[in-house]
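In: After the sequence you'll find the predicted model.
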Amino acid sequence: MVFRNRIKNKLIVVTVLLIAAAVFAGCGGKGGAREDGIELKDGTRIALGAPVSGEPAPGPVDYVESKSCIGSGTDVLYKYEGFSVTGYPDGNGGHRIGLIRINGEGPETFFGIGVGMTRDDVVNTYGAGDAAGDVSVYEIKGGRIIFYFGGGDSDGTITEIVLTADNVS
């Protein structure tokens with residue numbers, strides 16, 4: 001009887017640990033592959049890999065279509081003040097967001113990081129990442145996010161943020 005209770009208790013502990021691990025893995029903590037994109041001051045969210053249906057955000061400054069470098073069809077580029085969004089053919093007649101570039105103040109990543117913030121802000125939010133000189137790269141769900149730093153010091157400020165899908169090189 002004691003033996004059965006020990007096994008039952010161990011099974012309960014193992015089950016609880018497995019459930020906890022699954023929950024925490026899904027939370028996308030630092031260094032985890034979590035969904036990312038940008039959020040604008042008006043609350044508009046643009047996620048990497050999302051379908052493009054109309055303008056990703058209101059009021060683009062420019063719109064360009066070009067022959068796709070990823071597959072057949074056309075790429076679509078929406079340029080805004082401080083950021084741009086590129087959609088690539090999804091193979092079903094539509095487009096998916098494959099590249100988001102932030103090059104001005106205002107837009108931030110889903111986790112609150114924007115141009116003008118510091119390397120410490122990035123590390124505190126995303127973790128250590130893969131860093132080389134003035135560039136830090138992080139894996140995110142479906143792609144990667146790249147932070148470019150300027151300022152000539154080790155703490156440098158962010159000058160540009162690029163989110164790129166796995167199928168975009």
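Out: That came in fine, so what should we check first? Numbers count the residues shown, from 1 in each chain.
In: Quickly note the distance from I38 to L163.
Out: 7 Å (CB to CB, to the nearest Å). Backbone N, C-alpha and C define where each C-beta goes, glycine included.
In: anything in contact with each of these two?
Out: Here I38 and L163 share the contacting residues I100, T109, scored by CB atoms under 8 Å, 6 or more residues apart in numbering.
In: Return the residues in contact with the most centrally placed residue in the chain.
Out: What sits nearest the mean C-alpha location of the chain, by CA atoms, centre = their mean, is D36, with 2.9 Å. With contact set as CB under 8 Å, 6+ apart, D36 has these partners: A47, L48, T109, F110, F111, I140, K141, I145, L163.
In: okay if I get those residues as TSV plus secondary structure?
Out: Formatted as TSV, the contacts of D36 follow (DSSP: H, G, I helix; E, B strand; the rest coil):
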residue	secondary structure
A47	strand
L48	coil
T109	strand
F110	coil
F111	coil
I140	strand
K141	coil
I145	strand
L163	strand
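In: By neighbour count, which of the residues you listed wins?
Out: Neighbour counts for those (other CB atoms under 10 Å) peak at L163, which has 28 neighbours.
In: I'd like to know how many residues surround P56.
Out: P56 has 26 neighbouring residues, counting by other CB under 10 Å.
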